[in-house]
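Asker: what's the 3D shape of this:
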Amino acid sequence: MHFPLHPETPPEGRTLEDLFAGRGMDVDAMYQQMKQRMDAEGLPYGKRSHTYNSRLAQELGTWADTQPGGEAIHDALFKAYFVDARNIGDADVLIEVAQAVGLSGEAARKVIEERSFKEAVDADWAKSNQYGITGVPTFVAGGQGAVGAQPYETLVQFLGQAGAKAKPEGGAD
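Answerer: Numbering: from 1, shown residues only. You can find the predicted model right below:
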């Protein structure tokens, strides 16, 4: 499900300092904390100076899910934004990302220009609002939620409290 994180962000993006101005937050300390979490999980994470509007990326990702092999776009969008600090609100960047995972650049451009997946993302935004989601990622299970990037152990505990049973090692789905 998609969530409107900072939908007011202009096409050129905003500096992180501007985004967090007046909130008493240390942008570098926030980066260091997230970098440590990502490193602990073996995930790449770059240092960004800006935040960008993800609306078009959400629409493109929704379209990509309808295409053979299109699910690969999600990891590629993550890398573009969180590792390479690219503007995923820019149509040309999005088309490059789509092509990099084997999707048609022409079809991707058409999706972006025509906004053909706008309604699907609007529905997700409405559902996230209905559920009271305030940040990403948000994990929901057993009527409870956990907001934000969480260590693996925290998610295991959260799922256990929600009644999830661990899959036996080597067991079937």
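Asker: from here on, just use CA atoms for contacts and neighbour counts.
Answerer: Noted.
Asker: which SSE is the residue nearest to the spatial centre of the chain in?
Answerer: In the chain, the residue lying closest to the centroid (CA atoms, centre = their mean) is residue 78, at 6.6 Å. For residue 78, the host element (DSSP states H and E) is helix 72-78.
Asker: need the next SSE after that helix, C-terminal direction.
Answerer: The helix or strand immediately downstream of helix 72-78 is helix 91-100, counting by DSSP H and E.
Asker: so which bits of that following helix are buried?
Answerer: Across helix 91-100, burial judged by 16 or more other CA atoms under 10 Å covers 91, 93, 94, 95, 96, 97, 98, 99.
Asker: and the spatially closest residue to residue 89 that is not a sequence neighbour, what is it in contact with?
Answerer: Computed as CA to CA, 6 or more residues apart in numbering, the closest residue to residue 89 that is not its neighbour in sequence is residue 53, at 5.1 Å. Residues in contact with residue 53, defined by CA atoms under 8 Å, 6 or more residues apart in numbering, are 6, 7, 8, 9, 10, 11, 13, 87, 88, 89.
Asker: which one of those is nearest residue 113?
Answerer: Nearest to residue 113 among those: residue 89, at 12.6 Å, using CA to CA.
Asker: and that closest one, what pLDDT?
Answerer: pLDDT recorded at residue 89 is 96.
Asker: you'd agree it is up against residue 57?
Answerer: Yes. Judged on CA atoms under 8 Å, residue 89 makes contact with residue 57 at a distance of 6.5 Å.
Asker: which parts of this protein are helices?
Answerer: Applying DSSP state H to the chain gives helices spanning 16-19, 27-40, 55-64, 72-78, 91-100, 105-114, 118-131, 152-161.
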